[in-house]
Structure formats: structure tokens, C-alpha cells
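Asks: structure of the sequence below:
(2 chains)
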Number of protein chains: 2
Amino acid sequence: MDDQTMSEHTPWMRRALEEAEKGIGLTSPNPCVGSVIVKDGVELGAGWHHRAGQPHAEREALADLLAKHGPEAARGATIYVTLEPCSTTGKTPPCTQGIIDAGISRVVYGAVDPNPDHAGAADLLLQGLGIDVISGIEREACERILRPFAKRVTTGLPWVLAKTAMSLDGRITRPPGEGQWLTGPAARNEVQKIRGEADAIIVGGRTVRIDNPRLTIRGPHFREEKEQPWRVVITQDAKQTLPEDCHLLSDEYAHRTVVYQDKEPEEILRDLAAQGCNCVMLECGGRLMRRFAELDLIDEYAIFYAPIITGGEDFGFGAGGHLPASRQLEEISVKQLEQDVLIRGIAKRKIR
Amino acid sequence: MDDQTMSEHTPWMRRALEEAEKGIGLTSPNPCVGSVIVKDGVELGAGWHHRAGQPHAEREALADLLAKHGPEAARGATIYVTLEPCSTTGKTPPCTQGIIDAGISRVVYGAVDPNPDHAGAADLLLQGLGIDVISGIEREACERILRPFAKRVTTGLPWVLAKTAMSLDGRITRPPGEGQWLTGPAARNEVQKIRGEADAIIVGGRTVRIDNPRLTIRGPHFREEKEQPWRVVITQDAKQTLPEDCHLLSDEYAHRTVVYQDKEPEEILRDLAAQGCNCVMLECGGRLMRRFAELDLIDEYAIFYAPIITGGEDFGFGAGGHLPASRQLEEISVKQLEQDVLIRGIAKRKIR
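Replies: Below is the predicted model:
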């Protein structure tokens, strides 16, 4: 819920957010950012950041404007960006310079740079040159789309999204001889979509040995521009090796599979963050899921409930005693997918 | 889902269903039935069965018509009833006679009498007197509202509705010191509403000793015309008596509390059915809930999911191994209640 008041800028920032959303799952280690350029109430250009190493959203929007309306159109225009424009040189020149060069007269952005060393730097620079700066428009929504990136740059850990599919009584297994699936086609298709948000997917060795998953994005949610997520196997049992012919070790994406042995979950997550993963998805069984929950490493839950009562022995979040403390979730969303139900929520934290 | 084709009768039968729904939870051991009387496209009377011993829906609709339009209005009219009119004398005279006496020329009903000895009897009687009879309009919806009654008269067992509230990871307990509640006010209010459907509520002795519940209908869902449900305590542990000062044994409804000891669940349910309970609600803890599920005695599930991960030791449907067979649910409905989610569904059966 965003209880900020509407302003003339709100609709344009929402347009910029629409642009930003196109980059979800594609931009790591960079954030998803969107931008639109507006003059006299007319949108002259729009763009989003596609991929690390490619132009930032502001540059994309300026290029779009240039192609459609020529170089003079930007003079006196307002640029909307979901994130504070960068003012330092990275893989690409600073966006503030592009904005200055184009003659933009006003910059409206949503979220400040989550890197405390850069936060607010654009304001000083741009205002010093007589360009109006307004920040905080649709701030919550702009911060929401930035969360995986912000978590990585501020903590060195990726955003962790735990996905599981359970019976209504919390089980992930069915009685012997009944088959493996709990959820139906619509829910399984939604899993493909969620995988599109992830840079890496974690499973345990046991899941590989029993279920032999592919963990790839397939079907309508496959996007040419997205690499398949890293497939990360955590195995604690050194004696039991993974079957050589399992999908993860033998399919065409075998080079995207990583196996960690005898490493703590946090260490593995830090390693994945260091390699540029903003968002890591857990698709592991109950025991490993519980381990991540115990260590309070999970940021978001996506739980599918299938319309079945199985009484099975394996629980989506393991058996065993209470967690050190309950984890309350917020921003609950509910989606009915044929007969299955998806509940998503974010773990409440003091600082995020 | 009702895939029957719409007919001119469908809207009127839906009106009759609206009437029938007013009786949910009030009519045991009788069924919920609604009726409307229509002539020349105008509704002349409507009624529903309020309570055993009181007039049936058809009689209520005729009385409504009489009061509003006088005795001649019924001549040549069509009466819509959700259930086949009774043709035998029970606590009240047969409805078929009332229909005949009033001069109704056409009877349209939804569900046939679930008692096989009576099914279709009204058709023969009425048609023999030159009254048109059409049956099966909105049949599925009409049968749905009859289910608790139909189950009791055909099997000697009541309809069993299992209600529980769990964390997203399937637990009913929180870590020590965190308090007892999982769900919020809106979900707890919905529980009161669901209790309104029940003739009896079952809990285990352990729940009484630990939670000391009231199991009454309170707040806006309390209806003067409904007696508080029977409160049924099942205790297997003869040594541990119930605390004398617990609500169930000491409040103003103490005469509505029944304690069963060392009796099998099915025996208890048969006993409740014999006492006229169409619908029995389970509000027990995981162990007893699991026992009912193992014995395949549950017809309907109403499960509240609270936005919390607790990892607790107690599960809504107990721990332990697989059920003899999974129980698939159908007619899934999902309701978001503030941050909680209610999933309801009906156990699929071959015969119901």
C-alpha cells in the first residue's frame, strides 16, 4: 500500500515503473530501472535498463526520444526515473551527464540510490547546474522493484525467494503409488514465470536424486534475452554423489550448474551475490528449506497450495521444533490458479 | 460449476435458492429449502423453511402470497422449490396438498428428495392431478445446499466440516512466549460465521485443557433464531478430566456441552446424526483432526492460513505418515480476510 498523495507526477512515475518491470530478472547485478521523458503533458520517449553493460534506463529513454522527435525535443523536458540517476562512471558514462547534455530541465525520481555513498549525489550535481530535482514520487513502488539489488549492495546477500508447493495440510509428498505432482498445469506454469525473476535456483542433493528436476525456464515464460538461472545444488552428504546422468549435470545448460558441498547456506548466498546474483530462488525440499528459515535468510515466500490432503511424511518447511522466532509476512498476495492457490508474502524486517 | 443451460426457470430457481440460504444452520434435522411463486413473470410470494416443526418453504411462500395478494392469486401460478415437495405427512401436512389446494398449475423444483423411498413421489401425485412438473432446474446448486441433510438421511452420518487455522508452513502453534493467535480479527469473525452453519462443534479434551475455547457464535453472526451449536468434547484420556471451570462446562450454555470418552469418531458422529445434527464442525487440534482424516470422515475443509512461518511442533492435520490415500478436494473457494487466507473445498467422493 502506498499512502502517498497523488501528484501530477504520479501517473508518469507509474509509466516509468511499467518500463522498469520489463527488466525484472534480466538486469543483475544491476537494478531494474525505467524512465520516461515528458514535455507539455506528452510522453516523448521511454526506456528501461535491459542488461548489465547496456545503457541505463535514462539513456534508453533519451535515445527513444531522439529517434522519434530529434535532439531539440529534450530541451526543457522532464525526465522521470524510478531510481536516482547515477552520477559516477561505471560500465557506462554517468546518466546525470546525459541528462545535462540533452538539456533536460527537470529530473523526477522515485527511490534514492541504495548505495549510501551515492545516495542523493545526483541532486547536488543537477541542482548545482540549475536543473530542478524532485525525489520520492511513488517511492515505495520504486523501492519494491529495487529490493533484490538493494539487498545485495547493502548486505552482500541476495534477495532470497522461497518457493514450494504443498498439500493443504502442508505436505510435499503423496502416498506411495499416487504420483509425484501436487499442483496442476496453471500452477506449474506460474513457477516458470517466477523462475524468470531469479538469477539462481537452489535445490538440495536429495531433490536432485529423487526428483531429477531441470530447473530451467520453459514454455511461454522463456525469454530469449534471459540466460537460464544458475542451478545450485547444496549437498551435505559427501558420500552420496549426484547421478551423472541427472538433468542438471547432463543437459544443454550443464555449464550453468554449480554444486556446493559442506558449505553453510549463508556462505553460499554470499558467494552467489558476489557473482552478481540479486535474486536467488529456493526450490529445495523441507529439510533445507527449514535450514534457510531457521537462519532467517528468506526474504520472500511463494507457496502453492494444492487442493489435496495427503498426510505425508515430508513437510514443505520440514518438521522439527519451533523456529527461534516466528517470521511474520506482509504484502500478502493471493492468486487462484485453476484449483491451486498461490500465496506470496514478504518477510517483515526492521531494516530492508 | 453448473453447466446446465439457462432456461426461463433459472432466474426464479435462483431466487428460491436465495430464500433457501436464509435457513442455513437453522433447520436441522430438516433441510434448507426455499420457494417462490410466480405468475405472468411477477413474483407473488416467497418463503423458506425456518426450523423443524415450522411450515415448509412452499407453505411459507403460499402464506406470503396469501397475505399480499389474497387466495385467488395462486390459481394458475408456478411454484419454484429448491427441493421436491414432500408428499407424506410429517410434523406438518404434505406440501403437495397445499399446492393442490391453492390451485397452483405448475411445480418446478431443483433437487429430488434424497430419501430414495420418496424420490419422485411428488411428480406422480401432482401429474396425476394435471399439474405440470418440471424438475432438475439448477439441480447442482439445489443439491449443494441440501448436502448436509442428504448425507445424514442416506448414510446416518452428518456432513463433517473440518476447520483449522494454520501458519503458512502448516503449524497451529507459535514459539513459546509469542501468544496463541495466528489469524487476525477478520478471519476469527469468519469462524463465527462458519459456526453458524453447524449443529455441533467437536474438539478434543486437549484443546479444552490448553485453549479453553467457548465454541459459541458471538458478535454480528449471532442470530436469535439459532440455538448455540452443541459443543462436543472427545477425550481419550480417562485420567485427565476436564477442568470444572472451563467455559464449556461452566458458561450459560453448559447444557449444550457433551463429553464422549473412549468412543470411536464414527460412533460419535452417528450418535450426533441420530440426534438430528446435519452438519458437524471439527475445531480440534492436529491429532484428532488427523484421526478423522484417516477414517475418511471429513466432507469439507475450511482452512485459514495466517501470514506467518512458525516451524512449530503441532500441525493442523497432525504429523505421522501418509493417509491410506490422498483426499482430493473440489469446489475450491479462496477468500482473503485482511492478511489471512481462507481456502474451502469439498472432499471428492464417488457417491455423495
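Asks: what sits against A:Leu157?
Replies: By CB atoms under 8 Å, 6 or more residues apart in numbering or on different chains, the contact set of A:Leu157 is A:Lys151, A:Glu266, A:Leu269, A:Arg270, A:Ala273, A:Leu297. C-beta: built from backbone N, CA, C; applies to glycine.
Asks: doesn't A:Leu17 belong to a helix?
Replies: Yes. Counting by DSSP: H, G, I helix; E, B strand; the rest coil, A:Leu17 is part of a helix.
Asks: number of nearby residues for it?
Replies: Neighbour count of A:Leu17, defined by other CB atoms under 10 Å in any protein chain shown: 22.
Asks: OK, now which residue of chain A is nearest to chain B?
Replies: In chain A, the residue that lies nearest chain B is A:Gly170 (2.3 Å; CB to the nearest CB).
Asks: strand B:327-337 and the longest strand along chain A, what's the angle between them?
Replies: Longest strand in chain A, counting residues (DSSP state E): strand A:327-337. Relative orientation of strand A:327-337 and strand B:327-337, computed by axes from the mean of the first three to the mean of the last three CA atoms, to 10 degrees: 110 degrees.
Asks: and for strand A:327-337, what's in contact with it?
Replies: A:183-184, A:186-187, A:189-190, A:293, A:296, A:298, A:301, A:304, A:341-348, B:168, B:307-310, B:332, B:334, B:336, B:339, B:341.
Asks: for the host helix or strand of A:Leu249, list the C-alpha coordinates in CSV.
Replies: For A:Leu249, the host element (DSSP states H and E) is helix A:247-250. The C-alpha coordinates for helix A:247-250 follow below in CSV (Å, rounded to 0.1, in the frame of the first residue of the first chain):
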residue,chain,number,x,y,z
HIS,A,247,19.4,-33.3,-16.0
LEU,A,248,21.4,-30.7,-14.0
LEU,A,249,24.7,-32.4,-14.9
SER,A,250,23.9,-33.6,-18.4
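Asks: so A:Arg139 makes contact with A:Tyr109?
Replies: No. In this structure, A:Arg139 is not within contact of A:Tyr109 by CB atoms under 8 Å, at 9.3 Å.
Asks: so for these two, which sits in the more crowded spot?
Replies: Comparing A:Arg139 with A:Tyr109 by other CB under 10 Å, the one with more neighbours is A:Tyr109, at 29 against 17.
Asks: so what strands line up beside the host helix or strand of the more buried one?
Replies: Secondary structure assigned from DSSP H and E places A:Tyr109 in strand A:106-111. Next to strand A:106-111 in the sheet, as set by DSSP bridges, lie strand A:78-83 (parallel), strand A:132-135 (parallel).
Asks: that older thread, now the closest residue to the residue of chain A closest to chain B other than its chain neighbours. Its backbone dihedrals?
Replies: Counting by CB to CB, 6 or more residues apart in numbering or on different chains, A:Gly170 lies nearest to B:Gly170, which is 2.3 Å off, once chain neighbours are set aside. B:Gly170 adopts backbone torsions of phi 80, psi 10, taken as degrees, to the nearest 10.
Asks: list the residues that contact B:Gly170.
Replies: B:Gly170 makes contact with A:Met166, A:Asp169, A:Gly170, A:Arg171, A:Phe315, A:Gly316, A:Phe317, B:Phe315, B:Gly316, B:Phe317, according to CB under 8 Å, 6+ apart.
Asks: could you do A:Arg344 as well?
Replies: By CB under 8 Å, 6+ apart, the contact set of A:Arg344 is A:Glu300, A:Tyr301, A:Ala302, A:Ile303, A:Glu331, A:Ile332, A:Ser333, A:Lys335.
Asks: please apply the same query to A:Ala306.
Replies: With contact set as CB under 8 Å, 6+ apart, A:Ala306 has these partners: A:Ala165, A:Met166, A:Ser167, A:Leu168, A:Leu182, A:Thr183, A:Gly184, A:Ala187, A:Gln339, A:Asp340.
Asks: which residues sit against stretch A:95-106?
Replies: Against stretch A:95-106 from outside (CB under 8 Å, 6+ apart): A:37, A:56, A:58-59, A:62, A:71, A:74-79, A:81, A:85-87, A:107, A:122, A:125-126, A:129, A:131-134.
Asks: which pLDDT value does the model give the residue lying farthest from the centre of chain A?
Replies: In terms of distance from the mean C-alpha position of chain A, A:Gly177 ranks first, at 37.1 Å (CA atoms, centre = their mean). Model confidence at A:Gly177, given as pLDDT, is 87.
Asks: hang on, isn't A:Ile308 packed against A:Ile172?
Replies: No. Taking contacts as CB under 8 Å, A:Ile308 lies outside contact range of A:Ile172: 11.3 Å.
Asks: next step: the contacts of strand A:327-337 restricted to helices.
Replies: Members of the contacts of strand A:327-337 lying in helices (criterion: DSSP state H): A:Ala186, A:Ala187, A:Asn189, A:Glu190, A:Ala293.
Asks: who are the contact partners of A:Ser250?
Replies: The contact partners of A:Ser250, taken as CB under 8 Å, 6+ apart, are A:Glu244.
Asks: next, A:Gln192: secondary structure please.
Replies: Per three-state DSSP, the local secondary structure of A:Gln192 is helix.
Asks: nearest residue to it other than its sequence neighbours?
Replies: The shortest distance from A:Gln192 to any non-neighbouring residue, by CB to CB, 6+ apart, is to A:His221 (4.2 Å).
Asks: list the contacts of that neighbour.
Replies: By CB under 8 Å, 6+ apart, A:His221 lies in contact with A:Asn189, A:Gln192, A:Lys193, A:Arg195, A:Gly196.
Asks: and stretch A:158-174, how far from the chain's centre?
Replies: On the basis of CA atoms, centre = their mean, to the nearest Å, stretch A:158-174 is displaced by 19 Å from the centre of the chain it belongs to.
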